[in-house]
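sequence below, structure please.
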Amino acid sequence: MLLVPLLALAPLVPTALAWGAAGHEIVATIAQVHLYPETKEALLHILPPEAKGHLAPIAAWADQVRMRWRNGAMHYVNGINDHPADHCEFGEDGWANEDVNVLTAIANFTGQVMNGKGDIPIRFLTHFVGDMHQPLHLTGRDKGGNGAMFLFEGRHRNLHSVWDSGILTKNIRELSNYTTPLPSKQIESALLGAIFDPYVRFILWEGMRGWWSNSIEGWLACPAGGDPYPHSSVSNIPAPDLWLNTVKGYTASALKLLPSPLSAFLAEMIPLQAVEGFSNDLLALHPTNVKASSRAPFPACPYTWAKPLHKLNCESAWPKEYTGSPGSPLIELDTDVYLGKLARDNTMEMLLAMGGVRLAHLLNTALSGKEGVYLAY
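Okay, the predicted model is just below:
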């Protein structure tokens, strides 16, 4: 009896897969390099023994448990009326998923790690910081690019997969140096013999020590007055669809009555409430609430960090000539105009580096009480 309304909701599901496993592991490895000794020691006692205190082995875990933990909505955030490359809107007209998204997830799991909740919040935080630094997780057009077809290296690929794994795989494959260890124990001790180790060395040695050495402090900065995420409760943007949220709540309850295999299958297909009791930590960080609160400074400001990343959807990710019209010839992205510009700007490397140092900053603050990141390498 309930399957008709349940299945009717299925087309509303955004299909937003995360960075490929390599992307998440690279972000985690870069973070590992920037952890203070006290943070590393804490992770040894918190993470599963097989991780040996390393973040990379747990970085892709959140994708593996999407059905069991119902965390699908936490992997992305969709601004209403956002349509790159024509125009980029990041919450000015409201959000398709205001309450549970990658930004609120980062705020929530940062708080949980700071409160000593341990292993599982660290796994989620590691993953979602990585997701936030993949620009297509910050737009809802064509389901975050999953429905936008292109050619990449002559093969049919959707735009999301090109950014998830296509460009990364090509960069890793074509890097011919940095195959031998660097004179840095801090860096080499973070590497686990992965195929992308040379790429991580390249990002750290040339990027962190050179191109962006004067930018790191700015990457970690948060507004003194709070993170101005535009919530409908404190601004004039439209509120989320209350009717749809009510239906989601009833649907989540109904699924509990179904056999486990069917319940798990439908839970992945239908946009349910992602978690129960998901406290709105991001709302608590809004300037209007920070002024009235005695809350200690919070190390994460995901909206502030994500807003310039979202602009990359209009500036770099979505070709301006793409219309999405049925029958239109597919556009090849492996060109000097598109991929060449990303390479010259070191866009992919910068996104991975930013994700890594921001994750390290959050974990350092939460686990050792020391802000910032370790840079003595």
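
can you give me the buried ones in stretch 170-182?
K170, N171, I172, Y178 (16 or more other C-beta atoms under 10 Å). All C-beta atoms are positioned from the backbone trio N, CA, C, and that covers glycine.

closest one of the residues you listed to W95?
Using C-beta to C-beta, the shortest approach to W95 within the buried residues of stretch 170-182 belongs to N171, at 32.0 Å.

tell me how far that closest one lies from S165.
Here N171 is placed at a distance of 11 Å from S165 (C-beta to C-beta, to the nearest Å).

please flag which of the buried residues of stretch 170-182 sit within strands.
With strands defined by DSSP state E, no entry of the buried residues of stretch 170-182 lies inside them.

ok, these vs H286, which is closest?
N171 (37.7 Å).

these two touch, right, the closest one and F196?
No. With contact defined as C-beta atoms under 8 Å, N171 does not reach F196; the gap is 9.0 Å.

any idea of the pLDDT on V275?
In this model, V275 is scored at 52, pLDDT.

again, but for the one 4 residues further on
What the model reports as pLDDT for S279 is 71.

let me see the contact set for it.
N108, G111 (C-beta atoms under 8 Å, 6 or more residues apart in numbering).

helix or strand: which one has it?
Assigned by DSSP states H and E, S279 falls within no helix or strand.

the chain should start at 6 in everything you say after this.
Noted, 6 is the first residue going forward, which turns the last one into S284.

now it: how far from P304?
Counting by C-beta to C-beta - S284 and P304 are separated by 17 Å.

now distance to L372 and pLDDT too, for the buried residues of stretch 175-187, in CSV please.
Shown next, in CSV, are the buried residues of stretch 175-187 (distance: C-beta to C-beta, whole Å; pLDDT from 0 to 100):
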residue, distance to L372, pLDDT
K175, 35, 98
N176, 31, 98
I177, 30, 98
Y183, 30, 98
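
those residues into TSV, with extra columns for distance to K148?
TSV is the format used below for those (distance: C-beta to C-beta, whole Å):
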residue	distance to K148
K175	23
N176	25
I177	26
Y183	36
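
what segments of the protein are strands?
Under DSSP E, the chain gives strands at 154-157, 160-163.

quick one: list the elements packing against the first one.
With contacts defined as 3 or more C-beta pairs under 8 Å, 6 or more residues apart in numbering; DSSP states H and E, the packing partners of strand 154-157 are strand 160-163.

which other helices and strands does the strand it packs on contact?
Secondary elements touching strand 160-163 (3+ C-beta pairs under 8 Å, 6+ apart): strand 154-157.

distance from the chain centre to the strand it packs on, please.
23 Å (C-alpha atoms, centre = their mean, to the nearest Å).

list of residues touching that strand?
161-164, 167, 171, 324, 327, 335-339.

what is the longest helix along the chain packed up against?
Looking across the chain with DSSP state H, the single longest helix is helix 352-373. Here helix 352-373 touches helix 26-38, helix 42-51, helix 107-119, helix 124-137, helix 172-179, helix 221-225, helix 307-317, going by 3+ C-beta pairs under 8 Å, 6+ apart.

pLDDT (mean, whole number) over stretch 122-140?
96.

may I have that stretch as PDB, with CA atoms only?
Extracted in PDB, the C-alpha atoms of stretch 122-140 (Å, rounded to 0.1, in the frame of the first residue of the first chain):
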ATOM      1  CA  LYS A 122      32.500  10.900  20.000                       C
ATOM      2  CA  GLY A 123      35.400   9.200  18.300                       C
ATOM      3  CA  ASP A 124      35.800   6.800  15.300                       C
ATOM      4  CA  ILE A 125      32.600   7.100  13.300                       C
ATOM      5  CA  PRO A 126      32.300  10.900  13.300                       C
ATOM      6  CA  ILE A 127      36.000  11.100  12.200                       C
ATOM      7  CA  ARG A 128      35.200   8.700   9.300                       C
ATOM      8  CA  PHE A 129      32.300  10.900   8.200                       C
ATOM      9  CA  LEU A 130      34.200  14.100   8.700                       C
ATOM     10  CA  THR A 131      37.100  12.900   6.700                       C
ATOM     11  CA  HIS A 132      34.800  11.900   3.800                       C
ATOM     12  CA  PHE A 133      32.600  15.000   3.700                       C
ATOM     13  CA  VAL A 134      35.500  17.500   3.800                       C
ATOM     14  CA  GLY A 135      36.700  15.700   0.700                       C
ATOM     15  CA  ASP A 136      33.300  15.900  -0.900                       C
ATOM     16  CA  MET A 137      33.000  19.600  -0.300                       C
ATOM     17  CA  HIS A 138      36.200  20.200  -2.300                       C
ATOM     18  CA  GLN A 139      34.700  18.500  -5.400                       C
ATOM     19  CA  PRO A 140      32.800  21.400  -6.900                       C
END
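
in that stretch, what's buried?
Within stretch 122-140, judged by 16+ other C-beta under 10 Å, the buried ones are 125-140.

picking up where we left off before, which of the contacts of strand 154-157 sits closest to K45?
Of all these, G171 has the smallest distance to K45: 32.8 Å, by C-beta to C-beta.

tell me how many other residues crowd the closest one.
22 (other C-beta atoms under 10 Å).

I'd like the distance between the residue nearest to R146 when sequence neighbours are not counted and N219.
Closest residue to R146 apart from its sequence neighbours, by C-beta to C-beta, 6 or more residues apart in numbering: H88 at 5.4 Å. For H88, the distance to N219 (C-beta to C-beta) stands at 35 Å.
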